[in-house]
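Colleague: whatever this is, show me its structure:
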Amino acid sequence: MWFKNLQIYRLPVAWDLDVARLEEQLASHALPGCGNMDMRSQGWVSPMGDERFLRALNRQALLAFGQEEKLLPAAIVNQFAKDRAADISAREGRPVGRKELRELKERITDELLPRAFVRRRVTRAWIDPVHGWLVVDAAAKTKAEELLGHLIKSVDELPARLVKTQMSPGAAMTTWLSEGEAPAGFTLDRDLELRAPGDERATVRYVRHALEGEEIREHIAEGKSATRLGMTWNDRISFVLTEDLQIKRLAFLDILKEEAEGQAETDEERFDIDFALMSGELAKLLAALVEALGGEMAEALGGEMAEAG
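Modeller: Coordinates of the predicted model:
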């Protein structure tokens, strides 16, 4: 349940989220599952594994996007087609042409699809209408965009946009390193990636390495800038910040999870406690991070939101 990577989008603060209506819309676009002749399928699933398509608690919402895909490697189809082409050549004394071989592959795919294994992947998203966040737990931006695209198709209106801050994360991280001082409430950890501009984009990476040395300042003086930086917020959450405002390797530290220990008697209660704790802490972390980056751009705050329906 605990998110591990954050792709962050902005919603209007105090957005009027109709939980009952949203759940109806998600249910109408539920994951149908891969049929016999389907290669892939996608839709909404329960974030808890029950019959509900939305978990709502304290005006926070958790949803889950499911994707199923048949595992039918091209190498297997090609081998079957090769064997059948050889049989045809042996029986009829002629070679199998490209068009016929392509048709063989199509027929073999249709034959094997109903028997292929199905792989399911689930991507979760958290909606915080109180503070105006839509956050997807995905390491890759493409996965978040798939979820967001399906959500736009599923709901009447989704006023979501990317977050734009006064300082770019890359410039801010580089400043913190060169000055040797993290923003208030944060500490700099021991993971760093520096990259030079230009076509070559020479890159230097530090893993579990002290970041106070003169060597790092020399790299910055030579023109390299930070593209990834390990940080910890309030001794409660550690993460890696990227130059495009993604949060990677998110880890809720033991002191935070210990607060939830012993409070739940059932799995459902434990799920709700974990969700409440996670969403509350992430809302505070995101607010602190945006402030450390100089706040949001006035244009972004006052501009038109991207709506879809």
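Colleague: check which residues of the helix or strand harbouring Leu134 are buried.
Modeller: Using DSSP states H and E, the element containing Leu134 is strand 133-137. Buried residues in strand 133-137, defined by neighbour count with 16 or more other C-beta atoms under 10 Å: Trp133, Leu134, Val135, Val136, Asp137. For every residue, glycine as well, the C-beta is placed using N, CA and C.
Colleague: dump the residues you listed to TSV, plus pLDDT and distance to Asp244.
Modeller: Compiled in TSV, those are given as follows (pLDDT from 0 to 100; distance: C-beta to C-beta, whole Å):
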residue	pLDDT	distance to Asp244
Trp133	96	17
Leu134	96	17
Val135	98	15
Val136	98	14
Asp137	98	17
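Colleague: pipe the residues you listed into CSV and attach distance to Ala56 per row.
Modeller: Supplementary listing: the buried residues of strand 133-137 in CSV, determined by distance: C-beta to C-beta, whole Å:
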residue, distance to Ala56
Trp133, 15
Leu134, 15
Val135, 16
Val136, 17
Asp137, 17
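Colleague: can you give me the helices for the stretch 201-309 of the chain?
Modeller: Listed in chain order, the helices found in the stretch 201-309 of the chain under DSSP state H, counting those that start in this stretch are 214-221, 254-257, 267-292, 298-302.
Colleague: with respect to burial, which of the ones you listed scores highest?
Modeller: Using mean count of other C-beta atoms under 10 Å, the stretch among these with the greatest mean number of neighbours is helix 267-292 (a mean of 17).
Colleague: give me the number of residues near Leu245?
Modeller: By other C-beta atoms under 10 Å, 19 other residues sit near Leu245.
Colleague: what's the residue lying closest to it once chain neighbours are set aside in contact with, if anything?
Modeller: If you skip the residues right next to it in sequence, Leu245 has Pro169 as its closest partner in space, 5.1 Å away by C-beta to C-beta, 6 or more residues apart in numbering. Neighbouring residues of Pro169 by C-beta atoms under 8 Å, 6 or more residues apart in numbering: Leu241, Thr242, Glu243, Asp244, Leu245, Leu293.
Colleague: what's the spacing between the fourth one and Ala81?
Modeller: So the one you mean is Asp244. Look at Asp244 and Ala81: by C-beta to C-beta, to the nearest Å, they are 43 Å apart.
Colleague: and the first one, by the same measure?
Modeller: Using C-beta to C-beta, one obtains 48 Å as the distance from Leu241 to Ala81.
Colleague: re earlier: strand partners of the strand holding Leu134, parallel vs antiparallel please.
Modeller: Neighbouring strands of strand 133-137 in its sheet, by DSSP bridges, are strand 6-10 (antiparallel), strand 117-128 (antiparallel).
Colleague: buried residues in the helix or strand following it?
Modeller: Toward the C-terminal end, the helix or strand that comes next after strand 133-137 (DSSP H and E) is helix 141-154. Of the residues in helix 141-154, Lys143, Ala144, Glu146, Leu147, Leu148, His150, Leu151, Ser154 count as buried by neighbour count, 16+ other C-beta under 10 Å.
Colleague: tabulate the residues you listed (JSON lines), appending distance to Glu214 and pLDDT.
Modeller: Conversion of these to JSON lines gives the following (distance: C-beta to C-beta, whole Å; pLDDT from 0 to 100):
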{"residue": "Lys143", "distance to Glu214": "39", "pLDDT": "95"}
{"residue": "Ala144", "distance to Glu214": "38", "pLDDT": "96"}
{"residue": "Glu146", "distance to Glu214": "44", "pLDDT": "95"}
{"residue": "Leu147", "distance to Glu214": "44", "pLDDT": "97"}
{"residue": "Leu148", "distance to Glu214": "43", "pLDDT": "95"}
{"residue": "His150", "distance to Glu214": "49", "pLDDT": "95"}
{"residue": "Leu151", "distance to Glu214": "48", "pLDDT": "95"}
{"residue": "Ser154", "distance to Glu214": "53", "pLDDT": "94"}
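Colleague: contacting residues for the spatially closest residue to Val130 that is not a sequence neighbour?
Modeller: If you skip the residues right next to it in sequence, Val130 has Arg59 as its closest partner in space, 5.3 Å away by C-beta to C-beta, 6+ apart. If you count contacts by C-beta under 8 Å, 6+ apart, Arg59 has them with Leu17, Pro129, Val130.
Colleague: what's the answer for Phe117, then?
Modeller: By C-beta under 8 Å, 6+ apart, the contact set of Phe117 is Lys70, Leu71.
Colleague: pull the CA atoms of stretch 194-205 into PDB?
Modeller: Taking only C-alpha atoms (Å, rounded to 0.1, in the frame of the first residue of the first chain), the coordinates of stretch 194-205 have been written out as PDB:
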ATOM      1  CA  LEU A 194      25.600  15.300 -11.800                       C
ATOM      2  CA  ARG A 195      25.400  15.900 -15.500                       C
ATOM      3  CA  ALA A 196      27.200  18.300 -17.900                       C
ATOM      4  CA  PRO A 197      25.300  20.200 -20.600                       C
ATOM      5  CA  GLY A 198      25.900  19.700 -24.300                       C
ATOM      6  CA  ASP A 199      25.700  16.700 -26.600                       C
ATOM      7  CA  GLU A 200      28.100  14.500 -24.600                       C
ATOM      8  CA  ARG A 201      26.200  15.000 -21.300                       C
ATOM      9  CA  ALA A 202      29.000  13.600 -19.200                       C
ATOM     10  CA  THR A 203      27.600  12.100 -16.000                       C
ATOM     11  CA  VAL A 204      29.000  11.600 -12.500                       C
ATOM     12  CA  ARG A 205      27.200   9.400 -10.000                       C
END
